[in-house]
Structures are given as C-alpha cells and as structure tokens.
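K.L.:
here's my sequence, what's the structure:
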Amino acid sequence: MGKVVLVTGAARQLGGRFVRRIQRDPEVERVIAVDAVPPAHQLGGADFVQTDIRKPAIARVLAETAADTVVHLDVTGTALGGGNRATVKETNVIGTMQLLGACQKSPAVQRLVVKSSTNVYGSAPRDPAVFTETTPAKSLPSGGFAKDTVEVEGYVRGFARRRPDVAVCVLRFANILGPAADTPLASYFALPVLPTVFGYDPRLQFVHEDDVVEVLRLAAHEPRRGTLNSGTFNIAGDGVLLLSQCSRRLGRPTVPLLLPAVTWAGSLVRTLGMTDFSPEQFRLLTHGRVVDTVQMRETLGFTPRYTTAEAFADFARGHGAGLLPPETVAGAVDRIAALALPGGGRPTTHSGD
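P.N.:
So this is what the prediction gives:
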C-alpha cells in the first residue's frame, strides 16, 4: 500500500499545484484534496472532498480516508472568492484547530506538514540582521496574517507534544512570489504606484512558488539518508533585494510616506482590492526581514532552484514590468497624496502646475 495524502486548501492555485505534483510520486497511492469550495483548476486524479476545515466534518474525512500524511496548506493571508479578512482568520486559526483535533484522533496519521511563514518573526527596528529558526521575535505580530501564523504554530506545537509518534514539519516560507502567486506582498507589487516609508529601504527575501511546491513534496515523504524532515525550517531563496531595487525592476514609481501616513496608505491599498495589507505588512516594508536557511539545506536537504532575485524576476515577467501610462501614475499618486493630508482631503492644485 502506498501513501495516502490529504491536502487542505486545494482550491487555491498553490494547493492545486501541489495536489497535481504529489500524485505523480510513485510512493503515493491516493491524494485527497480538501477545500470549502470547488477548485476552478484541475486536480488530476485526486479525490476532491468539499468540506470546511472549520467544521468537525474534517474528522470524518480523515477517518474514512485513513490518510497517513496531512499537508496543511489552508493557512493564508488572502481571501478566496468573496471571503473577507474575518473568514481568512477563522480558516487559519479555527480551521487549524479542527484539523489538528482530527489528526490527534486518527491513528493512521503518521506525518503532518504545515505551511507557515517567516511573518512569525515580526519586523521591528532592533531585529537581528538574520533570523534563525530559534530566534525569538523582538515584537510579536499584533494583527493580520502574521498574528494568525503565530497562533497556528502554537497549536501545532501543542499537537506535536500530544502526538509524539507523528512526524511534524513546519515550513516557514519567506514572501512567496511567482507568476501565479496570490499573497499580500504580490498584490502590493502589482499596484501601479508603490507606497513606501520615507527614510527606509528594507531588505526582503522571496521564495519562488515552484520551490514551495517542491519543498512541500520533500517534506511529505520519509526523509532521505542524512536528512530529517521534521522540525521547523526557514524556506527562502538565496540573497536579498532592497525594496528600491524591487520597484526599479518592476518599472513602478514609489511614493515615500511619513510614518503617520502609513495607516492611511494601508486603507488605500485595501480599497484597491487587497484583503489583508495590515500594519504588519507595512512594518515589513519599513524594517524588512532576512532569515537564515542553513537548516533548510543541511537538515531538510533542500536547495531552492531560484534565488531571491530570480524569483522576483519571474514574478515581474508575469506581471508586466515596464512603463505605465502617465494618467494611471498620476491618478494613483493623487489618491495616495490625498491620504497624507489632514482629514484625507484632496491635494490643492494651482494653475500652471
């Protein structure tokens, strides 16, 4: 009998890609794809089960399928379809609690892989130059997806203590980018004008969505000789990029804002269609974040195919880097500038300007 793998979050692009990839592995006999809504993409030969992981029904799915490996990808910073921030948080936190409760009751479960984020480290002015997996956060995230990931990891640690027989692997991904990436930072970089924090040029790391799929596949299997795929691992491409380098490579202008105007800018980008651009996201764009990936290479045995710069370049190609129409730039600048004025009024224009 081969492995039976249950994957949450299958209706998202990343979840669908992983489902299609893992079922091609010869060790895998069956893949069960789970989500609250039907996927718009193909899942290959996987069995799709429509169920909400926030509901107790996920325990019945685990029991009926006798899945031995659970890959939890339904931890995300963006809503799917008509969802809002409250729905995202419930799925991230309540959904994880329900899933872990189901895993705890299932004697068949032998391996659990959880998609997490380097957001758990937060972003603060006195942060270390590089975070390792054991570095405590100087300032814990106070909201948004970053806070969700902190809570999710806390529940996962509790599960690992209660079920020491289950191999638990937590993958802390840097900012995921690629042609099809659906993340808050990808939405930020897709804006016609990028609001930045005046006086700051943060260091950023990225991981390509292709590498995300491959490291998830690696973590879902038994470890190779000399490696160990249980524990917590930072996952990022080599190198860093400054935010200013990112904007130039995208061909998008920036509008530096003083820190008091940052919350107003956050309101703007949310009105432009971003469901979760919380203050934590702007802290990242102020102080940046860089993580150490030695454990990823030496313990997990994974080497990303893309560097940080290469992952960003592929994202830029997929989102049409280049010059923008002047009216598009001018309109976005006016909207952002208006937020920086007292009361959010419109900027004053003068004849001849």
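K.L.:
mind listing the helices for this protein?
P.N.:
Here the chain has its helices, by DSSP state H, at 13-22, 57-65, 85-89, 95-105, 144-162, 184-189, 209-219, 243-250, 262-271, 279-287, 294-298, 308-318, 326-339.
K.L.:
shaky segments in the stretch 51-200 of the chain?
P.N.:
80-83 (pLDDT under 70).
K.L.:
name the nearest residue to residue 182, ignoring sequence neighbours.
P.N.:
Nearest residue to residue 182 in three dimensions, chain neighbours excluded: residue 78, at 5.4 Å (C-beta to C-beta, 6 or more residues apart in numbering). All C-beta spots, glycine's among them, are computed from the backbone N, C-alpha and C.
K.L.:
neighbours of that neighbour, just the number please.
P.N.:
By the criterion of other C-beta atoms under 10 Å, residue 78 has 18 neighbours.
K.L.:
correct me if wrong: it contacts residue 187.
P.N.:
Yes. Using C-beta atoms under 8 Å, residue 78 makes contact with residue 187 at a distance of 7.3 Å.
K.L.:
let me know the pLDDT of the residue lying closest to residue 50 once chain neighbours are set aside.
P.N.:
Counting by C-beta to C-beta, 6+ apart, residue 38 is the residue found nearest to residue 50 once chain neighbours are left out, at 6.1 Å. Looking at residue 38, its pLDDT reads 94.
K.L.:
next up, the contacts around residue 123.
P.N.:
The contact partners of residue 123, taken as C-beta atoms under 8 Å, 6 or more residues apart in numbering, are 139, 202, 280, 283-284, 286-289.
K.L.:
for it, give me the backbone phi and psi.
P.N.:
Phi and psi for residue 123, reported as degrees, to the nearest 10, are phi -140, psi 120.
K.L.:
separation between it and residue 160?
P.N.:
Distance of residue 123 to residue 160, computed by C-beta to C-beta, to the nearest Å: 27 Å.
K.L.:
next: residue 213.
P.N.:
24 Å.
K.L.:
next: residue 282.
P.N.:
Distance from residue 282 to residue 160, counting by C-beta to C-beta: 33 Å.
K.L.:
more neighbours, these two?
P.N.:
Neighbours were tallied for residue 282 and for residue 160 using other C-beta under 10 Å; the higher tally belongs to residue 282 (22 against 17).
K.L.:
buried subset of the contacts of residue 123, written for ChimeraX?
P.N.:
Per 16 or more other C-beta atoms under 10 Å, the buried members of the contacts of residue 123 correspond to this ChimeraX selection:
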select :202,280,283,284,286,287,288,289
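K.L.:
any chance of the contacts of residue 123 in JSON lines, with distance to residue 242 too?
P.N.:
Formatted as JSON lines, the contacts of residue 123 follow (distance: C-beta to C-beta, whole Å):
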{"residue": "139", "distance to residue 242": "22"}
{"residue": "202", "distance to residue 242": "7"}
{"residue": "280", "distance to residue 242": "20"}
{"residue": "283", "distance to residue 242": "16"}
{"residue": "284", "distance to residue 242": "13"}
{"residue": "286", "distance to residue 242": "13"}
{"residue": "287", "distance to residue 242": "13"}
{"residue": "288", "distance to residue 242": "8"}
{"residue": "289", "distance to residue 242": "13"}
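K.L.:
which among the contacts of residue 123 gets closest to residue 102?
P.N.:
Looking at those and their distance to residue 102, the nearest is residue 280, at 29.4 Å (C-beta to C-beta).
K.L.:
that closest one contacts residue 150, doesn't it?
P.N.:
No. Residue 280 is not in contact with residue 150 according to C-beta under 8 Å; the separation is 10.4 Å.
K.L.:
what touches both of those two?
P.N.:
residue 141.
K.L.:
same list (the helices of the chain) but as a markdown table, adding distance to residue 173.
P.N.:
Listed next are the helices of the chain as a markdown table, based on distance: least, C-beta to C-beta, whole Å:
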| stretch | distance to residue 173 |
| --- | --- |
| helix 13-22 | 10 |
| helix 57-65 | 23 |
| helix 85-89 | 17 |
| helix 95-105 | 16 |
| helix 144-162 | 10 |
| helix 184-189 | 11 |
| helix 209-219 | 6 |
| helix 243-250 | 18 |
| helix 262-271 | 22 |
| helix 279-287 | 14 |
| helix 294-298 | 11 |
| helix 308-318 | 11 |
| helix 326-339 | 29 |
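K.L.:
residue 47 is nearest to which of those?
P.N.:
Nearest of these to residue 47, taken as C-beta to C-beta: helix 57-65 at 7.9 Å.
K.L.:
now for that closest one, which elements pack on it?
P.N.:
Of the remaining helices and strands, those touching helix 57-65 by 3 or more C-beta pairs under 8 Å, 6 or more residues apart in numbering; DSSP states H and E are strand 3-8, strand 28-35, strand 47-50, helix 95-105.
K.L.:
deepest of these, which one?
P.N.:
strand 3-8 (a mean of 25; mean count of other C-beta atoms under 10 Å).
K.L.:
direction included, what does that strand pair against?
P.N.:
When pairing is defined by DSSP bridges, strand 3-8 lines up against strand 28-35 (parallel), strand 69-72 (parallel).
K.L.:
now the closest residue to residue 299 other than its chain neighbours: how far from residue 21?
P.N.:
Excluding the flanking residues, the one nearest residue 299 by C-beta to C-beta, 6+ apart is residue 228, at 5.4 Å. Applying C-beta to C-beta, the value for residue 228 to residue 21 is 22 Å.
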